[in-house]
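Undergrad: any chance you can model this:
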Amino acid sequence: MYLSPAQCRAARALIAWSEDDLSSASKIDKATIAGFEAGAHLPDEKTLQAMRRSLEDAGALFIPEDGGGAGVRLARSPSASIDTDETETVQYEEHLKNDAPPGAGG
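TA: Model (predicted):
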């Protein structure tokens with residue numbers, strides 16, 4: 001489970017979290033987070049996992065290195081799904097009655 005300083009900063013920005021928010025959620029000292037994001041030091045694996053897990057739980061999705069560079073984006077919320085089945089016809093009751101005058105065309 002990898003987390004780079006840039007991914008950490010980007011994930012916080014995407015979910016609108018401050019260093020304080022991440023510190024509170026991950027139980028990691030704010031100074032440790034600030035030092036990591038600044039590239040001043042690399043925390044141990046357990047600390048990195050706690051930060052990443054907290055960011056993921058808040059909606060960040062980490063994208064592994066795939067030749068185009070590692071990244072982060074917002075995870076798609078299940079409630080944000082859109083039904084795009086265009087083979088299904090939906091008829092609303094208010095549209096069943098013809099309320100146009102005769103000869104209105106259409």
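Undergrad: so which elements touch the helix-or-strand element of the chain with minimal mean pLDDT?
TA: Ranking every helix and strand in the chain by mean pLDDT, DSSP states H and E puts strand 71-74 at the bottom, with a mean of 90. Where contact means 3 or more Cβ pairs under 8 Å, 6 or more residues apart in numbering; DSSP states H and E, strand 71-74 is packed against helix 5-14, strand 60-63. Every residue, glycine included, has its C-beta placed from N, CA and C.
Undergrad: now these in JSON lines, with mean neighbour count and distance to residue 52?
TA: Below are the helices and strands packed on strand 71-74 laid out as JSON lines (neighbours: other Cβ atoms under 10 Å; distance: least, Cβ to Cβ, whole Å):
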{"stretch": "helix 5-14", "mean neighbour count": "18", "distance to residue 52": "8"}
{"stretch": "strand 60-63", "mean neighbour count": "17", "distance to residue 52": "7"}
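Undergrad: now render those as TSV, adding mean pLDDT.
TA: Putting the helices and strands packed on strand 71-74 into TSV (pLDDT from 0 to 100) gives the following:
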stretch	mean pLDDT
helix 5-14	95
strand 60-63	93
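Undergrad: do you know which of the ones you listed lies nearest residue 23?
TA: helix 5-14 (10.7 Å; Cβ to Cβ).
Undergrad: got the CA positions of the closest one in PDB?
TA: The C-alpha coordinates for helix 5-14 follow below in PDB (Å, rounded to 0.1, in the frame of the first residue of the first chain):
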ATOM      1  CA  PRO A   5       3.400  13.000  -0.400                       C
ATOM      2  CA  ALA A   6       1.800  14.400  -3.500                       C
ATOM      3  CA  GLN A   7      -1.000  11.900  -3.400                       C
ATOM      4  CA  CYS A   8      -1.700  12.700   0.300                       C
ATOM      5  CA  ARG A   9      -1.900  16.500  -0.500                       C
ATOM      6  CA  ALA A  10      -4.100  15.800  -3.500                       C
ATOM      7  CA  ALA A  11      -6.400  13.500  -1.600                       C
ATOM      8  CA  ARG A  12      -6.900  16.100   1.100                       C
ATOM      9  CA  ALA A  13      -7.600  18.700  -1.400                       C
ATOM     10  CA  LEU A  14     -10.200  16.600  -3.200                       C
END
